[in-house]
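[1] sequence plus predicted model, see below.
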Amino acid sequence: MKLLVVGHGYLGQAITHEFREHGWQVAATSLSGNDDTLACDVANMNDVTKLPNADFIVHCAASGRGGAEAYQRVFVDGCQNLTRQFRGVPLLFTSSTSVYAQTDGSVVTENNLAIPDRETGALLLEAERITLTAGGIVTRLAGIYGPQRSVILKKFLSGDAVMEEDGRRFLNQIHRDDAARAIFHLATSRPLPHGEIYNLCDSSPLTQLECYQKLAEIFSLPLPPSGPRDPNRKRGWTHKQVSNEKLRATGWAPHFPSFTAAAKAVSRSL
């Protein structure tokens, strides 16, 4: 079986590793290309036409911290080009739980309305629509952390963390390797779940207060001070508990059911 991975950053590299571990041939792309990847601007149809055939495609390219213009090119134009060039080949698009703008602390499933309050979120929804119309799969990922990467943990350990107000806001997270395993699981499910959306997060959303209390216990450090909420967060200021029940019902389960379950191991790599 052949996999095409569009975008070979933090998550893409883990996806490549996961599929190769199961015997798949993997071709991966990056914007600039290097010894391990093919150069491809997914927003450029001429580049996309040069990509090799595949049995399954994962679009997990990043926006490069860009705004609406980057989201349009990488996600909307990218999904449009891939579905046009590879008609009939299943495409999995990695979207974001930031499309849910709920602020009431409620449990959010795939059946809840996704009405993002930012233009970038609306562009993600358009990329999702293109993918689903073509019979593809959408995964809405929570905040990714893992080896060498966790903003929350790094700030806590350095003493730079600030708890927003009373710490009631929920944090929704997913370990990078659990995300890669989930994507492999969906790619190899039979029948393939065409046209489906799955929330990809761990099983234990934690409030900031709960998270910091547990980290304080694990690392024998004090709780961070309280401060005002940050309305300018990249993913928007939301307060919700994202449910992974639909994905778990397919037979997948995270190895790390909560962020704090992985904290000790991740801390050794930061």
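    That came in fine, so what should we check first?

[2] longest helix in this protein, please.
    In the chain, with assignment by DSSP state H, the single longest helix is helix 119-133.

[3] which non-adjacent residue is nearest Lys214?
    Setting aside the residues directly before and after it, Lys214 is nearest to Thr260 in space (CB to CB, 6 or more residues apart in numbering), at 4.3 Å. For the C-beta atoms, the positions are set from N, CA and C on the backbone; glycine is no exception.

[4] so who does that neighbour touch?
    Residues in contact with Thr260, defined by CB atoms under 8 Å, 6 or more residues apart in numbering, are Leu206, Cys211, Lys214, Leu215, Ile218.

[5] among the residues you listed, the buried ones, what's the ChimeraX command?
    Entered in ChimeraX, the line below selects the buried ones among those, by 16 or more other CB atoms under 10 Å:
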select :206,211,214,215
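
[6] which of the contacts of Thr260 fall within strands?
    Counting by DSSP state E, the members of the contacts of Thr260 that fall within strands are Leu206.

[7] tabulate the contacts of Thr260 (CSV), appending pLDDT and distance to Gln13.
    Listed next are these as CSV, based on pLDDT from 0 to 100; distance: CB to CB, whole Å:
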residue, pLDDT, distance to Gln13
Leu206, 97, 27
Cys211, 98, 26
Lys214, 98, 29
Leu215, 98, 27
Ile218, 98, 27
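
[8] what distance do you get for Asp117 to Phe75?
    Computed as CB to CB, to the nearest Å, the Asp117 to Phe75 distance reads 18 Å.

[9] between the two, point out the one with more neighbours.
    For Asp117 versus Phe75, the count of surrounding residues by other CB atoms under 10 Å is larger for Phe75: 29 against 13.

[10] grab the nearest non-local neighbour of that one.
    When the adjacent residues along the chain are set aside, Phe75 lies closest to Ala127, with 3.9 Å between them (CB to CB, 6+ apart).

[11] list the contacts of the one you found.
    Neighbouring residues of Ala127 by CB under 8 Å, 6+ apart: Phe75, Val76, Gly78, Cys79, Phe93, Ser95.

[12] quick one: the helices in this structure, in order.
    With DSSP H as the criterion, the chain has helices spanning 10-21, 45-48, 68-71, 78-85, 119-133, 151-158, 176-187, 208-219, 245-248, 259-267.
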